[in-house]
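Chemist: quick check, what structure comes out for this input:
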Amino acid sequence: MAVLGLDAGTHNICASVAREGNVEVATDRGGNRHIPTVWAESAMEREFWGHTAKRQNLLNPSRTRCSWPDVSLASSVQASSAQASSEQASSAQASSEQASRIRSTEDLRARTLHQAKRLAEDYVGRSILQGVIAAPTHWPDSAKEELRTWAGKAGLEVLGVINEAEAAIEAYQLADRITGPVVVYQFGASSVEIALLEVGDGNVRMLSNWRETSLNGEQVQRRLYRKLVQDSVARIGPTVLEHPMALQRLSDLAERAMVRLSYDSQADIELPFLVPSAGGPHNHFQTRVTRRELELLVADLVQRSVQACEALLRDSGFSVNSIKAVVLTGGLSHMPMVQRTVSTYFDQPALHHIPPSEVVSLGAARHGGLMAGILRKPFEDTGTRRTWTATIPPASASVIPSAQS
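Modeler: Numbers count the residues shown, from 1 in each chain. This next block holds a predicted model:
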């Protein structure tokens with residue numbers, strides 16, 4: 001028997017499974033641990049989803065759409081290349097309207113959950129009928145309940161819907177390890193969200209939440225993308241701006257370079273035949289981006305995220321010294337600069353040895369595993385929140401190196 005745990009993120013979905021006393025992240029056949037929540041349709045009406053759909057966004061924006069409500073993928077990527085052509089920017093809105101006719105939003109969400117369920121089933125080699133879904137902390141209860149409907153259409157019995165912040169705390173078993181206020185810091189693709197919770201005796205209680213939508217991972221990627229566009233124009237010429245395929249390739253590489261720079265001090269970028277019409281060796285784009293360059297590009301964004309922490313504590317009447325633990329979640333929390341900055345502000349090591357982009361789905365899977373009885377509890381149940389026997393590495397063990405470039 002296996003139970004599914006889903007982190008229904010706005011840009012990517014992460015699926016974990018609890019089985020035979022263990023909890024692990026499910027991967028697709030390509031080894032990917034996070035799947036974009038993007039659907040696309042070709043001119044021949046063939047459907048794609050995930051990475052394949054995302055790659056065709058700039059080439060076919062009118063038939064590309066994201067599943068979740070906070071995201072307009074076409075507009076966000078097109079905004080990045082607005083400097084390339086005002087005509088592209090003006091067509092983004094029309095493309096978005098055309099995309100809305102592909103399928104209803106509800107249908108796309110149900111199909112996305114179904115694909116995530118199939119991914120997990122392929123990974124474990126058996127059917128999965130039950131699961132727990134972690135929803136964005138700011139979502140109202142009505143929206144979280146709608147997840148049950150979408151999941152039901154996907155063939156999944158939902159054992160529970162919990163907040164992302166609660167799932168992250170449960171992944172670390174903090175409710176049975178410490179007593180007092182805990183901060184969950186999330187730097188995600190669509191927003192920065194800071195949650196303040198009270199934990200102890202196996203219970204978790206939400207105290208306050210702060211969400212900054214004007215600050216998000218898309219901004220980080222956009223800044224790196226613009227740098228790559230400027231560099232390619234300087235080396236090849238303005239003809240780069242006239243080729244959607246070239247801009248799409250640069251956008252994809254910007255995202256991959258961000259991931260690479262989370263664990264390496266530099267990322268080498270090479271795009272042969274970036275602009276086919278240019279001819280000769282000058283249409284090959286090659287450059288190197290260092291972690292330090294990326295940090296300089298986004299330092300103000302990271303600092304603004306700390307200001308969000310300050311605002312949350314101030315409005316809630318808590319001091320930095322009163323916080324017992326800080327948990328990092330969200331894809332951008334893999335950045336060593338984010339880890340250092342948050343740890344410095346709270347004057348304690350921020351927990352990130354469970355990968356921040358996976359901790360929520362792992363917590364949801366563990367919660368589901370307990371509810372289904374396939375994970376053993378180390379303590380007597382003292383409340384609605386539970387912990388598990390899964391081994392947590394020591395705080396000194398870091399999946400993402402913190403060494404500076």
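
Chemist: what's the span of stretch 128-144, first residue to last?
Modeler: For stretch 128-144, the separation between the terminal residues is 21 Å (C-alpha to C-alpha, to the nearest Å).

Chemist: got it, and stretch 268-275?
Modeler: The first residue of stretch 268-275 is 19 Å away from its last residue (C-alpha to C-alpha).

Chemist: ok, residues contacting it?
Modeler: Residues outside stretch 268-275 that contact it (C-beta atoms under 8 Å, 6 or more residues apart in numbering) are 228, 232, 236-237, 239-240, 243, 246, 249-250, 253, 257, 283-289. Any C-beta I mention is one placed from the backbone N, CA and C, and that applies to glycine too.

Chemist: shaky segments in the stretch 101-250 of the chain?
Modeler: Residues of the stretch 101-250 of the chain that meet the criterion pLDDT under 70 lie in 101-103.

Chemist: Leu351 touches Tyr172, doesn't it?
Modeler: Yes - here Leu351 lies in contact with Tyr172, judged by C-beta atoms under 8 Å, at a distance of 6.0 Å.

Chemist: who touches both of the two?
Modeler: Ala325, Val327.

Chemist: residues touching Trp210, list them.
Modeler: Neighbour list for Trp210: Glu193, Ile194, Ala195, Ala308, Cys309, Ala311, Leu312, Asp315 [criterion: C-beta under 8 Å, 6+ apart].

Chemist: how about the strands of the stretch 151-300 of the chain, start to end?
Modeler: In the stretch 151-300 of the chain, the strands defined using DSSP state E, counting those that start in this stretch lie at 157-163, 180-187, 192-200, 203-212, 266-271, 285-290.

Chemist: ok, the fifth one: who's next to it in the sheet?
Modeler: If I follow you right, that is strand 266-271. Strands that pair with strand 266-271, judged by DSSP bridges, come out as strand 285-290 (antiparallel).

Chemist: next, format the contacts of Trp210 as CSV and append neighbour count and distance to Ala43.
Modeler: Formatted as CSV, the entries for the contacts of Trp210 read as follows, by neighbours: other C-beta atoms under 10 Å; distance: C-beta to C-beta, whole Å:
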residue, neighbour count, distance to Ala43
Glu193, 27, 38
Ile194, 26, 44
Ala195, 26, 44
Ala308, 19, 43
Cys309, 22, 47
Ala311, 13, 48
Leu312, 21, 48
Asp315, 11, 51
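
Chemist: redo these as JSON lines? Include distance to Leu113.
Modeler: Supplementary listing: the contacts of Trp210 in JSON lines, determined by distance: C-beta to C-beta, whole Å:
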{"residue": "Glu193", "distance to Leu113": "22"}
{"residue": "Ile194", "distance to Leu113": "27"}
{"residue": "Ala195", "distance to Leu113": "24"}
{"residue": "Ala308", "distance to Leu113": "30"}
{"residue": "Cys309", "distance to Leu113": "32"}
{"residue": "Ala311", "distance to Leu113": "34"}
{"residue": "Leu312", "distance to Leu113": "31"}
{"residue": "Asp315", "distance to Leu113": "35"}
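
Chemist: ok, those residues vs Pro355, which is closest?
Modeler: Compare each of these with Pro355 using C-beta to C-beta and the shortest gap goes to Glu193, at 17.7 Å.

Chemist: thought the closest one was touching Pro136?
Modeler: Yes - in terms of C-beta under 8 Å, Glu193 counts as a neighbour of Pro136; the distance is 7.3 Å.

Chemist: export only the CA atoms of the helix or strand that contains Ser16, formatted as CSV.
Modeler: Using DSSP states H and E, Ser16 sits within strand 12-19. Coordinates of each C-alpha in strand 12-19 appear next as CSV, following Å, rounded to 0.1, in the frame of the first residue of the first chain:
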residue,chain,number,x,y,z
ASN,A,12,5.4,23.2,-10.1
ILE,A,13,3.9,20.2,-8.5
CYS,A,14,5.9,17.8,-6.3
ALA,A,15,4.6,14.3,-5.5
SER,A,16,5.9,12.1,-2.6
VAL,A,17,4.8,8.7,-1.5
ALA,A,18,4.7,6.9,1.8
ARG,A,19,5.1,3.2,1.6
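
Chemist: point out the most buried one among the strands of the stretch 151-300 of the chain.
Modeler: Using mean count of other C-beta atoms under 10 Å, the stretch among those with the greatest mean number of neighbours is strand 180-187 (a mean of 25).

Chemist: got the contact list for that one?
Modeler: The set of residues external to strand 180-187 that reach it, using C-beta under 8 Å, 6+ apart, is 137, 164-165, 168-169, 174, 192-200, 207, 217, 305, 309, 312, 318, 322-333, 335, 338, 342, 346, 350.

Chemist: just want the angle from that strand to strand 203-212.
Modeler: Computed by axes from the mean of the first three to the mean of the last three C-alpha atoms, to 10 degrees, the angle separating strand 180-187 from strand 203-212 equals 40 degrees.

Chemist: quick check: angle from strand 180-187 to strand 192-200?
Modeler: Here the directions of strand 180-187 and strand 192-200 differ by 160 degrees (the same axes, to 10 degrees).

Chemist: is Ile8 in a bridge, and if so with what?
Modeler: You called it Ile, but residue 8 is Ala. Counting by DSSP bridges, Ala8 is bridged to Ile13.

Chemist: what's near enough to touch the nearest residue to Phe48 once chain neighbours are set aside?
Modeler: Residue nearest to Phe48 in three dimensions, not counting chain neighbours: Ala40, with 4.7 Å by C-beta to C-beta, 6 or more residues apart in numbering. For Ala40, the contacting residues are Glu47, Phe48, Trp49, Thr52, Ala53, Lys54, Gln56, Asn57, Asn60, Arg63, Thr64, Arg65, by C-beta under 8 Å, 6+ apart.
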